[in-house]
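J.: Whatever this is, show me its structure:
(chains A and B)
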Amino acid sequence: MTLNTASLPARIRADIDRFGGVLWLPVLLAVIALLLIGQPSTWATLTIAGLAMGMMIFLMASGLSLIFGLMDVLNFGHSAFVTAGAFIGATVLAWLGFWVTGGNPALNLAGLLLAIAAATIFGALAGWFFERVVIRPVYQDHLRQILITVGALIVAEELVLLIWGGAPIPVPRPAVLTGSIVFAGVSVEIYRIFAFLLGILVYVAMHLVLNRTRLGLLIRAGVENREMVEALGFRVDRLFILVFMAGSALAAMGGAMWAGYQGLITAALGSEMMILVFIVVIIGGLGSIQGSLLGAILVGLMANYVAFLVPKMALASNMLLMMAILLWRPYGLLPAVKR
Amino acid sequence: MAPILRLDDVHTNIAQYQILHGVSLDVPEGGVHVILGRNGAGKTTTLRTIMGLWKAREGSIQFRGQDITRLSTPDIARLGIAFVPENMGIFGGLTVEENMRLATHDGSFDAARLARIHAIFPAIAQFWQKPAHALSGGQKQMLAVSRAIIEKRDLILIDEPTKGLAPAIIRNMIAAFREIAAETTILLVEQNFHFAKALGQTVAVIDDGRIVHRGTMAELAGDADLQSRFLSLSLEAH
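T.: Residues are numbered from 1 along each chain as shown, chains lettered A, B, ... in the order given. The predicted structure follows:
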């Protein structure tokens, strides 16, 4: 017979974890919101908007979380990739104006996918350059990382201003994704459904790469103990480049999606989003894709619910959410690494 | 016969502190060779310097006659040197299988070799699909050693494998290490003299970053005077 000597709180926590644990937090948040909002149709609309927003933030945050976790790099320049992705996506959409706004749904989607692909590829290439030139000289030195990445961010934003100007730029939305569908009295923007599905697709792809491939195994191991991965004969510096490129590409993809969502973009787009992105990374826990997804969904839902209930508290609510979670779990909800 | 590993006047600094002050050591091929010394004497630093995790400031390290002093850690590992660090270096978020798979060069296992490891350490087979963080301290040590031998290595560097382990597990470890040493060379850093005595063929005693004694283990084990001079211990007391 095994004697269970665990304390009552520990046993309660173990039971909660066995049934999904923190993964139920978005559901709990949604239920509380339903009670406060009262109207199911309004609640459903806000929930879907929150999930879509969460997925776009997830795209921006997941790469940063991996970069933090694996490389221990504080990249305050991450938002530059979000901004660049948004502007490149918007530019490609404008170039493909007839495809995007015409009556052929296939061409509409092809135009959008080309715009997202262009932004993503640019993000990957810019990430490679950024890692080689800006990050490489400051590994192991957090203070210099902050200084140089903030400096690089300012340079990148100035370059965006130089190329695209300071005036807000309208982003054409593909005709097939404009408008809403109404189901059981719930109005849902089609673009939000697309954003949600794209986010899910990216999450599944990342999950498969991280859990079913040798590269993913190396990345997960590297997040935990870089030195040991090297002692097993693997070049972690090459992993760093790949992860940095992937993280930057995802940020640019998120930026392109966010541009289409907003409809009007400025050079400050990335910096504005970074507050939420950092909150997601901190809430989710460093180096964890699942944590980033959970954090992003919580942030997206919270932002939408509170914007409806108490508009002035929209941003502050996510700050409060972060504080509450950090008081409860100092390393975040699902950290892959604790430092 | 030429030694498999030769350290010649190796000096190593950690930040501004000099830890190794000219370590010279020959490790013969085959068997278990032990570095003994008190805490802070430079044992771990010696292993980490061999592995390239800390770079030697002066001196040279040769493996099978090849200078590896300036090689990167992955390049040193690929020459056939495995490292089991003091903290075991287990990836807690990965399963036992994933920990083992990571130590193979192409992600596949040699079935016969794996079966042999399972026979030496049955816990590895028992917890194959469990996350490594769920293992006990002894099981983690078994995993760390298993990972080092999942493919043929020429030299295994092991840092204090008995630290914090129960006596029964230490006895199992002695049997396991004897079997492993039949096909490879082990350079073992230890503070547990009984464990070291049971396994070692040669011994080097390090103190204040210098080798102060080298010889056979039988000689040290049989000479209480040497023990008290170099290890400040009485074998009877252990």
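J.: where's the residue positioned nearest the centre of chain B relative to chain A, distance?
T.: Geometric centre of chain B, nearest residue: B:Ile158, 1.5 Å, by C-alpha atoms, centre = their mean. Between B:Ile158 and chain A the distance, using C-beta to the nearest C-beta, to the nearest Å, works out to 12 Å. The C-beta positions use only the backbone N, C-alpha and C, and glycine is treated the same way.
J.: List phi and psi for the nearest residue to that residue once chain neighbours are set aside.
T.: Spatially, and ignoring its direct neighbours in sequence, B:Ile158 is nearest to B:Val84 (4.4 Å; C-beta to C-beta, 6 or more residues apart in numbering or on different chains). In terms of degrees, to the nearest 10, the main-chain angles of B:Val84 are phi -110, psi 100.
J.: wait, what's in contact with B:Val84?
T.: B:Val84 is in contact with B:144-145, B:147-148, B:156-159, B:161, counting by C-beta atoms under 8 Å, 6 or more residues apart in numbering or on different chains.
J.: Near chain B, which residues of the stretch 151-300 of chain A are found?
T.: Counting by C-beta under 8 Å from any C-beta of the partner chain, the positions of the stretch 151-300 of chain A adjacent to chain B are A:214, A:217-218, A:220-221, A:223-225, A:227-236.
J.: what comes up buried for the strand or helix carrying A:Ala316?
T.: Taking DSSP states H and E as the definition, one finds A:Ala316 inside helix A:314-328. Neighbour counts over helix A:314-328 (16 or more other C-beta atoms under 10 Å in any protein chain shown) mark A:314, A:317-318, A:321-322, A:325 as buried.
J.: Show me how far the longest helix seen in chain B is from its chain's centre.
T.: For chain B, the helix reaching the highest residue count under DSSP state H is reported as helix B:167-181. The gap between where helix B:167-181 is centred and where its chain is centred comes out at 13 Å by C-alpha atoms, centre = their mean, to the nearest Å.
J.: those helices in chain B, which residues are they?
T.: Using DSSP H, the helices of chain B run over residues B:43-50, B:73-78, B:96-102, B:111-120, B:122-126, B:137-149, B:167-181, B:193-199, B:217-221, B:224-230.
J.: Compare those and report which one is nearest to chain A.
T.: Taking C-beta to the nearest C-beta as the criterion, chain A comes closest to helix B:73-78 out of the helices of chain B, the separation being 3.7 Å.
J.: now check that closest one, is it near chain A?
T.: Yes: Helix B:73-78 comes into contact with chain A when judged by C-beta under 8 Å from any C-beta, the residues involved being B:73-74, B:77-78.
J.: Could you give the average pLDDT over that helix?
T.: Here helix B:73-78 scores 97 as its mean pLDDT.
J.: and that helix, what other elements does it pack with?
T.: Helix B:73-78 sits against helix A:226-231, with contacts defined as 3 or more C-beta pairs under 8 Å, 6 or more residues apart in numbering or on different chains; DSSP states H and E.
J.: could the helices of chain B be laid out in JSON lines, adding mean neighbour count?
T.: Below are the helices of chain B laid out as JSON lines (neighbours: other C-beta atoms under 10 Å in any protein chain shown):
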{"stretch": "helix B:43-50", "mean neighbour count": "24"}
{"stretch": "helix B:73-78", "mean neighbour count": "19"}
{"stretch": "helix B:96-102", "mean neighbour count": "21"}
{"stretch": "helix B:111-120", "mean neighbour count": "14"}
{"stretch": "helix B:122-126", "mean neighbour count": "16"}
{"stretch": "helix B:137-149", "mean neighbour count": "23"}
{"stretch": "helix B:167-181", "mean neighbour count": "16"}
{"stretch": "helix B:193-199", "mean neighbour count": "20"}
{"stretch": "helix B:217-221", "mean neighbour count": "18"}
{"stretch": "helix B:224-230", "mean neighbour count": "15"}
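J.: Those helices: which one's closest to A:Asn108?
T.: Across the helices of chain B, the minimum distance to A:Asn108, taken as C-beta to C-beta, is reached by helix B:96-102, at 43.0 Å.
J.: okay, that closest one in CSV with CA atoms only?
T.: Below are the C-alpha coordinates for helix B:96-102, written out as CSV (Å, rounded to 0.1, in the frame of the first residue of the first chain):
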residue,chain,number,x,y,z
VAL,B,96,13.9,8.8,-21.1
GLU,B,97,13.8,7.6,-24.6
GLU,B,98,14.2,11.1,-26.0
ASN,B,99,17.2,11.7,-23.7
MET,B,100,18.8,8.5,-25.1
ARG,B,101,17.9,9.2,-28.7
LEU,B,102,19.5,12.6,-28.5
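J.: which other residues reach that helix?
T.: Among residues not part of helix B:96-102, those counted as contacts by C-beta under 8 Å, 6+ apart are A:214, A:217-218, A:221, A:229, A:232, B:90-91, B:94, B:107, B:109, B:114, B:124, B:127-130, B:132, B:135, B:143, B:146-147, B:150.
J.: One more: stretch B:128-136?
T.: Around stretch B:128-136, the neighbours that count as contacts under C-beta under 8 Å, 6+ apart are B:90-97, B:99, B:123, B:127, B:140, B:143.
J.: what does stretch B:202-211 give?
T.: Counting contacts by C-beta under 8 Å, 6+ apart, the residues touching stretch B:202-211 from outside are B:12, B:18-25, B:27-28, B:31, B:33-38, B:41-43, B:45-46, B:196, B:212-217, B:220, B:230-231.
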